[in-house]
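**Q** I would like the atomic coordinates for the input below:
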Amino acid sequence: MSEIKMNELNIKEDERLHVLNHSCAHLLAQAVKHLYPQAKFWVGPVITDGFYYDMDLGDAVIAEADLPLIEKEMKKCAKDGKNIIRQEISKAEALEMFKDDEYKIDLINNMDENETVISCYRQGDFVDLCRGPHVENTKQMKYFKLLKVSGAYFKGDSKNKVMQRIYGICFENQEDLDAYLLYLQDARDRDHRKIGREMEIFMLSDLVGKGLPLWLPNGYVIWRTLQNYITDKEIAHGYQHVHTPDLGSVALYKTSGHWDHYKADMFAPMVKMDEDNEDMTLKQLLEGIDKNKIDDVYVLRPMNCPHHMVIYGSKGHSYRDLPLRIAEVANDFRYEAQGAVKGIERARCFTQNDSHIFCTPEQIEAEFKGVLDLIMEVYKDFGITEYKCRLSLRDPADTEKYFPDDEMWNTAEDSLRRVMSGLDLDYFEAVGEAAFYGPKLDVLVKPAIGNEVALSTIQLDFLLPRRFELNYINEEGEKKTPVVIHRAILGSIDRFVSFLLEETKGKLPLWLAPQQFSVIPVNPNEHTDYAREVTERLQREGFRAKLDDRNEKLGYRIREAQVKKVTVQLVIGDNEVNNKTVTARRYGSQATETMDFEEFIKAMHKEVDEKQLAK
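**A** A predicted model of the protein is given here:
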């Protein structure tokens, strides 16, 4: 068995695999040069999950179908068993050696030979500029796989030429390579975009716009169920829900400070067009806004906190009113880079489960604990057990980076430490990682595939209430500034759904499944009346059930329900009709169970009410 945990693999940090993969990038380049003599190469670095090499092949284009041919040539080069020899050269020698490759010339011209040792590595008929280190012989690179090909701008600049990038990975033995390829297949099977298509949860359309997912009926069932779930949870924990506009004035975001620090990630501002500004460019509009020459300008909001600050500030507050917990399930908009958008995991329009708690400094500890209790409650309902907490604190030595209030920082950080210790949660401190305006806690969840994700966040904020001049009257009748706690339990509903789909492979618990039951008569001509009776009763009981009485073979209809990941298939035949029973089969299982229909309904209500995990 492989000792490498593939979901924790980091080749960059594994010394032996780092050297092996860097060497394999050269093996790839050698093979490509054999097959495409006109090839020129830029860089071939090691990355977390293998290596890649950027290359210019002139008019030739490499497709995924070409990778096996390149692999074959790589194996041939490896079998040849050439020693890999390092050679240190002068800058002049390097420029002469690579004079026909403008990409290497660019690298060399940026080197200072007084500060950098310039070296190259030779293996047989191939030589490449590199600082190393490498393995000793090409025979040491036997267990590799080319994974994909894509385009990449030279130097990452969109103004430059698009080069071809080939990704690969190399291991020390076949067992590890096979384990990694199985891991990749599992990742493909878990991809929420694939599952979303199969279950008809969401769709994407370039016509609508990149990064703007469309929630389909099945998906909106999940979305609405989650919204109701978290709203009910928050109400039970003393939150008051509000509804605020999807846009706000630029003045609002100037007050909050987001305009100065975040506008590059926001959608362009909007003004009413008239004859005075119809020829205005976006640059002129932004300059006018920054110089306060243009007002009545609006933007789609990237976050909700400014709106909630205004709600708090709309009336006076006493210390007796605090804590005040304002919550909202709100749409937000961020102009993510086109290459960064990914299904519903990272989109340009998303819905946050957001809240802002206004409290006194003395209440920080209790409120922080209350939020953590809510997070743990929610995680239990979803079976999330692998997580740890990162407590981001300020670096006291850095007086420029953080809001200047030593007493407030010390009080807040000590409170958070006490809460974490009291709850006996696994956490680590990250000094210097706090935001400018306060310490925060991220709950890092380990998914089945990929790196840890920060699913839930609790952020203390000393600054924003000051920017909005918020206050409360304390016991001595003095005006004081409240502390704000930003918190998100599910994060965005969109990303949480993508997380659930990938964790469960679409096998959602009954209470959350878009279609809970598929009622399938064995013979549509003989068993449909009772099957319809069962379906309609389930619907009256509040379940999501559909009748499948199509004139198709029974096996076909059952398989289709399995493909669509319907939680329970109810097969209705002679015995079920005569005995008023149902025969149930769960998604992903071959086993069946026949039950009295009334008892079955009671059991299903219990499963939903208790938020039981998928069976």
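**Q** I'd like the next helix or strand past the least confident helix or strand in the chain by mean pLDDT.
**A** In the chain, the helix or strand scored least confidently by mean pLDDT, DSSP states H and E is helix 282-290, which has a mean of 74. Where DSSP states H and E defines the elements, the next helix or strand beyond helix 282-290 is strand 298-300.
**Q** that following strand - contacts with which helices or strands?
**A** strand 247-249, helix 250-256 (3 or more CB pairs under 8 Å, 6 or more residues apart in numbering; DSSP states H and E). Heads up, the C-betas are built off the backbone N, CA and C, glycines and all.
**Q** next SSE after it?
**A** Toward the C-terminus, strand 298-300 is succeeded by helix 305-313 as the next helix or strand (DSSP H and E).
**Q** residues contacting that next one, please?
**A** Defining contact as CB atoms under 8 Å, 6 or more residues apart in numbering, one finds that helix 305-313 is touched by 242, 244-245, 248, 252-253, 255-256, 258, 301, 324, 326, 328, 354, 356, 358, 461, 464-465, 467-470, 482, 484, 486.
**Q** domain map for the chain?
**A** 6-190, 214-246+301-504, 517-609 (automatic domain parsing).
**Q** how about those domains in TSV, adding distance to L204 and mean neighbour count?
**A** Listed next are the domains of the chain as TSV, based on distance: least, CB to CB, whole Å; neighbours: other CB atoms under 10 Å:
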stretch	distance to L204	mean neighbour count
domain 6-190	18	16
domain 214-246+301-504	7	18
domain 517-609	19	17
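**Q** now these as JSON lines including mean pLDDT?
**A** Converted to JSON lines, the domains of the chain look like this (pLDDT from 0 to 100):
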{"stretch": "domain 6-190", "mean pLDDT": "92"}
{"stretch": "domain 214-246+301-504", "mean pLDDT": "92"}
{"stretch": "domain 517-609", "mean pLDDT": "95"}
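**Q** how about residues contacting the least confident helix or strand of the chain?
**A** Identification of contacts with helix 282-290 by CB under 8 Å, 6+ apart yields 250, 259, 263, 268-269, 271, 277, 280, 294, 297.
**Q** ok, and the most crowded of those?
**A** Using other CB atoms under 10 Å as the neighbour criterion, V250 leads those with 24 neighbours.
**Q** the stretch 51-200 of the chain: helices as residue ranges?
**A** Counting by DSSP state H, counting those that start in this stretch, the stretch 51-200 of the chain has helices at residues 67-79, 91-97, 102-109, 174-190, 192-198.
**Q** counting contacts, what elements does the fourth one pack onto?
**A** Applying 3+ CB pairs under 8 Å, 6+ apart, we find helix 174-190 packed against strand 143-153, strand 162-171, helix 493-504.
**Q** and what of the last one?
**A** With contacts defined as 3+ CB pairs under 8 Å, 6+ apart, the secondary structure elements packing on helix 192-198 are strand 202-203, helix 493-504.
**Q** only C-alpha atoms, please: export that helix in PDB.
**A** Taking Å, rounded to 0.1, in the frame of the first residue of the first chain, the C-alpha atoms of helix 192-198 are listed here in PDB:
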ATOM      1  CA  HIS A 192     -19.700  19.500  -8.500                       C
ATOM      2  CA  ARG A 193     -20.000  20.700 -12.100                       C
ATOM      3  CA  LYS A 194     -20.300  17.100 -13.300                       C
ATOM      4  CA  ILE A 195     -22.800  16.200 -10.500                       C
ATOM      5  CA  GLY A 196     -24.700  19.500 -11.000                       C
ATOM      6  CA  ARG A 197     -25.300  18.500 -14.700                       C
ATOM      7  CA  GLU A 198     -26.300  15.000 -13.800                       C
END
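**Q** from K479, how far out is the most centrally placed residue in the chain?
**A** Centroid check for the chain by CA atoms, centre = their mean gives E345 as the closest residue, at 4.7 Å. Counting by CB to CB, to the nearest Å, the gap from E345 to K479 is 44 Å.
**Q** inside helices: which ones of the contacts of helix 305-313?
**A** Assignment to helices by DSSP state H places the following of the contacts of helix 305-313 there: 252-253, 255-256, 258, 464-465, 467.
**Q** for the residues you listed, work out which two are farthest apart.
**A** Of all pairs drawn from the ones in helices among the contacts of helix 305-313, the one with the longest distance (CB to CB) is Y253 and P465, at 16.1 Å.
**Q** I figured F98 hits C130, correct?
**A** No. Taking contacts as CB atoms under 8 Å, F98 lies outside contact range of C130: 11.6 Å.
**Q** phi and psi next, for the residue nearest to H317 when sequence neighbours are not counted.
**A** Spatially, and ignoring its direct neighbours in sequence, H317 is nearest to Y472 (4.2 Å; CB to CB, 6 or more residues apart in numbering). Per-residue torsions, Y472: phi -140, psi 160 (degrees, to the nearest 10).
**Q** per-residue pLDDT, M1?
**A** Note on M1: pLDDT of 43.
**Q** identify the residues contacting the residue lying closest to D189 once chain neighbours are set aside.
**A** Leaving out its chain neighbours, the residue that sits closest to D189 by CB to CB, 6+ apart is K505, at 6.4 Å. K505 sits next to 189-190, 195 when contact means CB under 8 Å, 6+ apart.
**Q** any idea how far M420 is from the residue lying closest to D56 once chain neighbours are set aside?
**A** Nearest residue to D56, sequence neighbours excluded (CB to CB, 6+ apart): K40, at 4.6 Å. Here K40 is placed at a distance of 54 Å from M420 (CB to CB).
**Q** pick the most deeply packed of the helices and strands packed on strand 298-300.
**A** Of all these, helix 250-256 carries the top mean neighbour count, a mean of 20, counting by mean count of other CB atoms under 10 Å.
**Q** ok so, going back, the helices and strands packed on helix 192-198 into CSV, with extra columns for distance to N10?
**A** Formatted as CSV, the helices and strands packed on helix 192-198 follow (distance: least, CB to CB, whole Å):
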stretch, distance to N10
strand 202-203, 31
helix 493-504, 20
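**Q** for A454, which of these is the nearest?
**A** Closest among these, using CB to CB: helix 493-504, at 10.3 Å.
**Q** ok and that closest one relative to helix 174-190, angle-wise?
**A** Angle of helix 493-504 versus helix 174-190, following axes from the mean of the first three to the mean of the last three CA atoms, to 10 degrees, is 130 degrees.
**Q** can I get helix 493-504 in PDB, CA atoms only?
**A** C-alpha atoms of helix 493-504 as PDB (Å, rounded to 0.1, in the frame of the first residue of the first chain):
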ATOM      1  CA  ILE A 493     -24.900  29.000   0.000                       C
ATOM      2  CA  ASP A 494     -23.600  28.500  -3.500                       C
ATOM      3  CA  ARG A 495     -20.100  27.300  -2.400                       C
ATOM      4  CA  PHE A 496     -21.700  25.300   0.400                       C
ATOM      5  CA  VAL A 497     -23.800  23.400  -2.100                       C
ATOM      6  CA  SER A 498     -20.700  22.700  -4.200                       C
ATOM      7  CA  PHE A 499     -18.900  21.400  -1.100                       C
ATOM      8  CA  LEU A 500     -21.800  19.100  -0.200                       C
ATOM      9  CA  LEU A 501     -22.000  17.700  -3.700                       C
ATOM     10  CA  GLU A 502     -18.300  16.900  -3.800                       C
ATOM     11  CA  GLU A 503     -18.300  15.500  -0.300                       C
ATOM     12  CA  THR A 504     -21.300  13.200  -0.900                       C
END
